[in-house]
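Student: got a sequence here, can you model it:
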Amino acid sequence: MRVAFFDRDGTIIEDYPDHNWTGIKHPVFIDGSINTLKEVMKKGYKIIIITNQYIINEGYNSIDQYHDINNQMKSELTRQGIELLDVFYCPHGRDEGCNCIKPQSGMIKQAICKYPGINLGESFVIGDSAVDVKLALNIGIKGFGIGVGSNYKKENIYQLNTIKDLTKYI
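Tutor: This next block holds a predicted model:
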């Protein structure tokens with residue numbers, strides 16, 4: 001099974017400074033994200049979201065707020081005909097030393113345990129942060145960084161200006 005591992009905040013929906021998340025009640029979709037997700041599905045990929053949510057344990061957002069925003073996002077994606085295979089999130093603070101916070105590979109390993117048919121060689125990671133690119137490097141799969149600079153001139157790492165650029169590469 002080919003999987004597109006998408007970051008959530010800053011990739012599919014808008015991201016905000018940590019302290020602003022407390023007041024966010026509804027997800028705002030990034031321009032082009034819905035159409036890109038549709039194209040990824042058409043090309044035969046399953047979609048799994050992997051998202052760092054350290055703002056939960058660091059006190060900027062509650063677990064209920066996270067689930068509310070996530071459920072609203074999933075409902076809208078379903079309404080748009082986009083099927084998510086799953087969502088994995090890491091609620092741990094950045095200094096907790098967990099193995100699931102990106103760029104650690106814990107969320108990918110959880111996905112592989114739950115879906116043993118995942119073929120990493122035909123899968124990719126996409127996100128708007130250096131930790132997303134580093135995750136792809138750490139697990140040795142193709143990675144796409146949206147606006148994360150050109151420090152990653154490595155094989156299988158591609159720099160994108162916007163999420164809309166992804167469809168040129170898959």
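Student: would you mark the buried spots in whatever helix or strand Val133 lives in?
Tutor: Using DSSP states H and E, Val133 falls within helix 130-139. Buried residues in helix 130-139, counting neighbours by 16 or more other Cβ atoms under 10 Å, are found at 131-139. Quick note: C-beta positions are derived from backbone N, CA and C, even for glycine.
Student: need these in CSV with distance to Arg2, can you?
Tutor: Formatted as CSV, the buried residues of helix 130-139 follow (distance: Cβ to Cβ, whole Å):
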residue, distance to Arg2
Val131, 23
Asp132, 18
Val133, 20
Lys134, 22
Leu135, 17
Ala136, 15
Leu137, 19
Asn138, 19
Ile139, 15
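Student: wait, which of these is closest to Met107?
Tutor: Closest to Met107 out of the buried residues of helix 130-139 is Leu135 (8.4 Å), distances taken as Cβ to Cβ.
Student: the nearest residue to Asn99 once chain neighbours are set aside: neighbour count?
Tutor: For Asn99, ignoring the flanking residues on the chain, the nearest one in space by Cβ to Cβ, 6 or more residues apart in numbering is Gly106 at 4.1 Å. Using other Cβ atoms under 10 Å, Gly106 has 17 neighbouring residues.
Student: for Thr51, state which of the buried residues of helix 130-139 is nearest.
Tutor: Of the buried residues of helix 130-139, the one sitting nearest to Thr51 (Cβ to Cβ) turns out to be Asp132, at 10.0 Å.
Student: how about the closest one: what's its closest non-neighbour residue?
Tutor: Nearest residue to Asp132 in three dimensions, chain neighbours excluded: Asp7, at 5.0 Å (Cβ to Cβ, 6+ apart).
Student: try Thr51
Tutor: When the adjacent residues along the chain are set aside, Thr51 lies closest to Arg8, with 3.9 Å between them (Cβ to Cβ, 6+ apart).
Student: so is Thr51 in a helix, a strand, or just coil?
Tutor: Under the three-state scheme (DSSP: H, G, I helix; E, B strand; the rest coil), Thr51 adopts strand.
Student: now swap in His19 and tell me
Tutor: Assigned by three-state DSSP, the conformation of His19 is helix.
Student: ok, it - contacts?
Tutor: Residues in contact with His19, defined by Cβ atoms under 8 Å, 6 or more residues apart in numbering, are Tyr60.
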